[in-house]
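S.K.: here is a sequence together with a model predicted from it:
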Amino acid sequence: MKQYLALCQRIIDEGVWVENARTGKKCLTVINADLTYDVDRGEFPLVTTRKSFYKAAIAEIIGYLRGYDNARDFRAIGTRTWDANANQNSDWLANPVRKGEDDCGFIYGAVARNFPKPDGGSVDLLRKVYDDLKNGKDDRGEILTFYHPGAFHLGCLRPCMYSHHFSLLGDTLYLNSTQRSCDVPLGLNFNMVQVYFLLAIMAQITGHKPGKAYHKIVNAHIYEDQLELMRDVQLKREPFAPPTLKINPDIKTLEDLETWVTVDDFEIEGYQFHAPIQYPFSV
Ligand SMILES: Nc1nc(=O)c2c([nH]1)NC[C@@H]1CN(c3ccc(C(=O)N[C@@H](CCC(=O)O)C(=O)O)cc3)CN21
Ligand SMILES: O=c1ccn([C@H]2C[C@H](O)[C@@H](COP(=O)(O)O)O2)c(=O)[nH]1
């Protein structure tokens, strides 16, 4: 939480205004931030200086792991985060590949679970990483990537947190996640939860202890219409101690995650938070 607030303050102190053509808004921007989550100590990086909807963040990443490609499926598992990008982005609405209401196209997990090979067919990247880790193997390339520059025209948005690289040291699992673009007031609130969650759940279903998760952000920004709320409201509040995430111990395999798991298999203990803040969202 302290590192989150420090990043917000750094953007305000050192950020540079950058025009963004896609949203038509200016963003106060810094380049490069490195966050570390102590998954081994169970410190869940949930924002406490406003109420955070962590179940929606978990639902979103479960949707990625399942390879979802439409906002309806994301809603059914507990998040509305893809509604706007699927249905309100004018470039996407005009794209002939869009399959109608709620379609997101070829994005995130839909790419990773069915990554096209240049010589034909596709690879399921998550299955490869999972099978290797479950067998105690780390070939120094246990990478789940959502990034396929040759397929950007087939989806409503390029992935932001686009790469998750797992490593085994003895029986401890580590994760390095990389994010190219980060909406710090809204998106990062979710992305911190997701990086922690991904290491914790992969450790559980592959039978390892979780170590640290390292989260690299390249372009970290605050949109012009979010600045006042961040500077004058959220940053004036004192953070609380981090809560703990409890994961249903019956989740034992990737198949469990793909089939019966819901957001109610994840609960937090000891979450103290300040009042919600509604930040504007840019499509
Ligand atoms: N501009 C922008 N920022 C993002 O963070 C973002 C995108 N676009 N597009 C793709 C996904 C969608 N994400 C989202 C979308 C909405 C919220 C959001 O509205 N969060 C609210 C309420 C969540 C709830 O009630 O469940 C919040 O206060 O955190 C967060 C992340 C993250 N990504
Ligand atoms: O997980 C996510 C997904 C998206 N974002 C933010 C980062 C940017 O503000 C927009 C994406 O816009 P681009 O023009 O494609 O960079 O969404 C996020 O923070 N986290």
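M.R.: Perfect, thanks for sending it. Ligands and ions are numbered 1, 2, ... in the order given.

S.K.: in contact with whichever residue of the chain sits closest to ligand 1, which residues?
M.R.: Ligand 1 sits closest to G187 of the chain, with a gap of 2.6 Å, by CB to the nearest ligand atom. For every residue, glycine as well, the C-beta is placed using N, CA and C. Contact partners of G187, counting by CB atoms under 8 Å, 6 or more residues apart in numbering, are C160.

S.K.: do you know how far it is from K216?
M.R.: Look at G187 and K216: by CB to CB, to the nearest Å, they are 15 Å apart.

S.K.: once you drop chain neighbours, what's closest to I222?
M.R.: L28 (4.8 Å; CB to CB, 6 or more residues apart in numbering).

S.K.: in what helix or strand does that neighbour lie?
M.R.: strand 25-37 (DSSP states H and E).

S.K.: just checking: what are the partner strands of that strand?
M.R.: The pairing partners recorded for strand 25-37 under DSSP bridges are strand 16-20 (antiparallel), strand 209-223 (antiparallel).

S.K.: which one of those has the most crowded surroundings?
M.R.: With neighbours defined as mean count of other CB atoms under 10 Å, the strands paired with strand 25-37 peak in mean count at strand 209-223, which reaches a mean of 21.

S.K.: what residue in this protein is the furthest from its centre?
M.R.: For the chain, the largest distance from the centre (CA atoms, centre = their mean) belongs to D119, which lies 30.4 Å off.

S.K.: angles on the backbone of that one, please.
M.R.: D119 adopts backbone torsions of phi -100, psi 20, taken as degrees, to the nearest 10.

S.K.: any chance of CSV for the strands paired with strand 25-37, columns mean pLDDT?
M.R.: Formatted as CSV, the strands paired with strand 25-37 follow (pLDDT from 0 to 100):
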stretch, mean pLDDT
strand 16-20, 97
strand 209-223, 98
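
S.K.: what would the ones you listed look like in a markdown table with distance to ligand 1?
M.R.: Listed next are the strands paired with strand 25-37 as a markdown table, based on distance: least, CB to the nearest ligand atom, whole Å:
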| stretch | distance to ligand 1 |
| --- | --- |
| strand 16-20 | 10 |
| strand 209-223 | 7 |
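
S.K.: okay if I get the ones you listed as CSV plus distance to N95?
M.R.: Shown next, in CSV, are the strands paired with strand 25-37 (distance: least, CB to CB, whole Å):
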stretch, distance to N95
strand 16-20, 20
strand 209-223, 24
